[in-house]
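Undergrad: my questions are about this predicted structure, shown below with the sequence.
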Amino acid sequence: MESAAAPITHAGPATARPLDDESRDWLRSLRATGGEREAAIARLHALLLRAARFEVARRRPTLPHLRGNELDEIALEAADDALMSVLARLDDFRGASRFTTWVYKFALLEAAVKLRRRAWQGREVPLEPESWSLFASATLEPDEQAEQSELLAVLQAAIGEVLTAHQRRVLVGLALNGVPIDVLAERLNTSRGALYKTLHDARRKLRAHLEHSGLALETWLGEEER
Amino acid sequence: MSSRPDHDHVVWRRRCLISAGFPTSTARTLAADRRVDIHALLELTDRGCPPALAVRILAPLNDGRPV
């Protein structure tokens, strides 16, 4: 199973600093051989499993259909994959945070990704607009609503006219229907990066089209990445 | 990762390919093959690449032949 992307850790020369004793011990023992390394890996896995269980428990209310043993399995899988990621990226650790804080993020990310995938398992991934009203805000004044309606109409037309068929599928799936990008990537057997590229191209085309029409897209199709 | 995706995923992938103009039989084969990057196929056809050529371009390298 493909592992989730590494969490953003702000590593790099600009943030490099002397390591604290505990972090140095972790690195030394994980880079050792034989029993010392095996013991360190076991401790690290236990730490990652605690983190994954924490994240699973935190998100449990959003997944009422999952049973306790399924959640335990997800946490264990997340800890396993996080362990592999951490061991493969030991050289990336620059000490911007404590080592345990750094590795914690791997477990949280893996657990979150696995839970999202599980939440969408067996569900249809909609790539056509289910409702354009999802774009609309209900908290606007009448004059703002009129403006919004105009923008939505232009945006809807632009999505149909300016984008290629697959750009439209990806944009609608991710931005309008809320499909998690890792779920869509898994179904298409592609990478998150490839989908981000398509999404970026689609947004750029829409922005250019709307600007040409005298409208601004800034608050639409949220720029944040899932 | 399994080389055979869930049935629902296969159906969904096949539908994506058919809607993009792939022949039904080709779409069925591609959809069931977990090695095939459907996104890459659809990107190519979006740019005007004929489906048959897109399949040849993106055929898994270790297959020795186009899908």
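TA: That came through fine.
Undergrad: please list the residues of chain B that sit near chain A.
TA: B:1, B:5-6, B:8-9, B:12-13, B:16, B:19-20, B:34-40, B:42-43, B:45-47 (C-beta under 8 Å from any C-beta of the partner chain). Using the backbone N, CA and C atoms, a C-beta is placed for each residue, glycine as well.
Undergrad: from the residues you listed, which land in strands?
TA: Of the residues of chain B next to chain A, none are assigned to strands by DSSP state E.
Undergrad: quick check, the helix or strand encompassing A:Leu171 touching chain B?
TA: Element membership for A:Leu171, per DSSP states H and E: helix A:165-171. Yes. Helix A:165-171 is in contact with chain B by C-beta under 8 Å from any C-beta, via A:Ala165, A:His166, A:Gln167, A:Arg169, A:Val170.
Undergrad: how about the last one, nearest residue that isn't a chain neighbour?
TA: Using C-beta to C-beta, 6 or more residues apart in numbering or on different chains and skipping residues adjacent in sequence, the residue nearest A:Val170 is A:Thr198, 4.7 Å away.
Undergrad: who are the packing partners of the helix or strand harbouring the one you found?
TA: Assigned by DSSP H and E, A:Thr198 belongs to helix A:192-212. In terms of contacts (3 or more C-beta pairs under 8 Å, 6 or more residues apart in numbering or on different chains; DSSP states H and E), helix A:192-212 is packed against helix A:142-161, helix A:165-171, helix A:181-188, helix B:38-46.
Undergrad: which of these sits closest to A:Thr100?
TA: Across the helices and strands packed on helix A:192-212, A:Thr100 has its closest neighbour in helix A:181-188 (25.5 Å, C-beta to C-beta).
Undergrad: run the chain-centre distance for that closest one.
TA: 11 Å (C-alpha atoms, centre = their mean, to the nearest Å).
Undergrad: what about that helix, near chain B?
TA: Yes. Contact between helix A:181-188 and chain B, assessed by C-beta under 8 Å from any C-beta, occurs at A:Ala185, A:Arg187, A:Leu188.
Undergrad: make JSON lines out of those and add pLDDT and neighbour count.
TA: Listed next are these as JSON lines, based on pLDDT from 0 to 100; neighbours: other C-beta atoms under 10 Å in any protein chain shown:
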{"residue": "A:Ala185", "pLDDT": "93", "neighbour count": "21"}
{"residue": "A:Arg187", "pLDDT": "89", "neighbour count": "24"}
{"residue": "A:Leu188", "pLDDT": "91", "neighbour count": "26"}
